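J.: What follows is a predicted structure for the sequence shown.
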Amino acid sequence: MDKIQSEGNDYVFADCYLRPEKSVNYISKKKGGLQINHVRSKALALFIKNFLEESLTNIYLDAVIRKYCLEEDVWPAPVRPHYLDKRLIMNLKLVLERTTRISSKDIYYVLLGNEFTINEEFKLRIESVYDHFSLGSILEFTHSRFIPVSVRSHMWKIIHRIEHSDIEEAKVKLSSPICKLCGELDIARIHLYFQCERVRNIGIIFLRVLRVFDPHISLEEVLEFKAIEEHPQMYWFIALTLFFIDKNRKRCSTDSYKAYMWSELETMRRSKRANDNILTGVTILLYLL
């Protein structure tokens, strides 16, 4: 199970030298996580589900649960199965206490919450460290239906690589991050997207458009995933810009950037998710660009 978990996590973070805190991998997307299956909890949830379902019709297993999990007086006392160890008993008690539904999904979330101490008061570490962090703003980038699915998926990768990574504990492949395009050492996140010589011109015209709507916005705030709620078209504009830079870093030019944005607008016109207000707002942004 550990090997399967390791292979899956390595696949998700294949091109990232920084990884998020451990719990972020497994919590739901609605709570700011990546929702990767936690293999141990999933396997145990499936086992417990089958065990509890069988106990509904199996007198012996019903007596086992009543005796060893619910601590009832059962006579004659059933023989404890060899696989019913202390850990499984503890998890069965937890499941029986916290959910009445016998479904692998409900049991899985109970076990996952116990594994990573996820409760109503749970907060991502980033929420405790950075005052500017807003989960609501991030969900606008990853749940907006008029943003293409491929871009929304990529935004999860960008967000977790930049915002959720714990730099002090991260496994860094190099002693100092190096820009592969210009060779600059000790690069900051803003360098990769807006200050490298390959992308600087895009950063200039991109920021110029954003400041029409928010005169005080900075590129640092863009990478903190801030946008103005009353202008949902800005989420589209920022998300597709970051996506374009990531995918075309070696051949970025303002002409190709503008062409890409106009082509995405034409794609959005055919989407049932985009209303007239969104289309008008995006069109204005691109004319300003």
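T.: Sure, I can see it. Numbers count the residues shown, from 1 in each chain.
J.: Tell me where this protein has strands.
T.: Per DSSP state E, the chain carries no strands over any range.
J.: May I ask which helix or strand of it has the lowest mean pLDDT?
T.: Least confident element among the helices and strands of the chain, by mean pLDDT, DSSP states H and E: helix 125-129 (a mean of 65).
J.: domain ranges for this structure?
T.: Domain assignment for the chain, taken from automatic domain parsing, gives 22-116, 131-288.
J.: start to end distance for the shortest one?
T.: Using C-alpha to C-alpha, to the nearest Å, the gap from the first to the last residue of domain 22-116 comes to 9 Å.
J.: least reliable of the domains of the chain going by mean pLDDT?
T.: Within those, confidence is poorest for domain 131-288, with a mean of 80 (mean pLDDT).
J.: Tell me how far that one lies from the chain's centre.
T.: Domain 131-288 has its C-alpha centroid displaced from the chain centroid by 16 Å (C-alpha atoms, centre = their mean, to the nearest Å).
J.: Make 96 the first number, not 1, from now on.
T.: Noted, 96 is the first residue going forward, which turns the last one into domain 226-383.
J.: close enough to count as contact, Leu335 and Arg247?
T.: No - applying C-beta atoms under 8 Å, one finds Leu335 not in contact with Arg247, separated by 10.6 Å. Heads up, the C-betas are built off the backbone N, CA and C, glycines and all.
J.: What are the neighbouring residues in contact with Cys291?
T.: Cys274, Leu276, Cys277, Glu279, Arg344 (C-beta atoms under 8 Å, 6 or more residues apart in numbering).
J.: Now the buried members of those residues.
T.: Cys274, Arg344 (16 or more other C-beta atoms under 10 Å).
J.: Need the max-distance pair from the contacts of Cys291.
T.: Pairwise distances across the contacts of Cys291 (C-beta to C-beta) peak at 13.8 Å, for the pair Glu279 and Arg344.
J.: As CSV, the domains of the chain with distance to Val107 would be great.
T.: Shown next, in CSV, are the domains of the chain (distance: least, C-beta to C-beta, whole Å):
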stretch, distance to Val107
domain 117-211, 6
domain 226-383, 8
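J.: The stretch 196-345 of the chain: helices as residue ranges?
T.: 199-211, 220-224, 230-238, 244-257, 284-285, 295-308, 314-317, 328-342 (DSSP state H, counting those that start in this stretch).
J.: which residues touch the longest one?
T.: In other words, helix 328-342. With C-beta under 8 Å, 6+ apart, helix 328-342 has contacts from 235-236, 239, 241-243, 245-247, 249-250, 253, 288, 294, 297, 301, 304-305, 308, 317, 320, 322-323, 347, 352, 355-356, 359, 363, 373, 376-377, 379-380.
J.: for the closest residue to Ile131 other than its chain neighbours, what are its contacts?
T.: Excluding its sequence neighbours, the residue lying closest to Ile131 (C-beta to C-beta, 6 or more residues apart in numbering) is Asn120, at 4.8 Å. By C-beta under 8 Å, 6+ apart, the residues touching Asn120 are Asn104, Val107, Gly128, Leu129, Ile131, His133.
J.: any idea which of those has the most stuff around it?
T.: His133 (23 neighbours; other C-beta atoms under 10 Å).
J.: For that one, which non-adjacent residue is closest in space?
T.: Tyr121 (4.6 Å).
J.: Check whether that neighbour really touches Arg135, as I assumed.
T.: No - if you go by C-beta under 8 Å, Tyr121 and Arg135 don't touch, sitting 10.4 Å apart.
J.: So between those two, which is more surrounded?
T.: Tyr121 (21 against 15).
J.: so who does the more buried one touch?
T.: Gly128, Leu129, Gln130, Ile131, Asn132, His133, Ser136, Leu207, Phe211.
J.: Now with 7 Å, please.
T.: For Tyr121, the contacting residues are Gly128, Ile131, His133, Leu207, Phe211, by C-beta atoms under 7 Å, 6 or more residues apart in numbering.
J.: gap between Tyr203 and Phe217?
T.: 16 Å (C-beta to C-beta, to the nearest Å).
J.: more neighbours, these two?
T.: The residue with more neighbours, out of Tyr203 and Phe217, is Tyr203; 21 against 13, by other C-beta under 10 Å.
J.: Roughly how far does that one sit from Lys188?
T.: Taking C-beta to C-beta, one finds Tyr203 at 17 Å from Lys188.
J.: and what of Ile379?
T.: 59 Å.
J.: can you check Val119 too?
T.: 28 Å.
J.: quick one: which of those two has more around it?
T.: Neighbour count, other C-beta under 10 Å: between Val119 and Lys188, Val119 has more, with 24 against 15.
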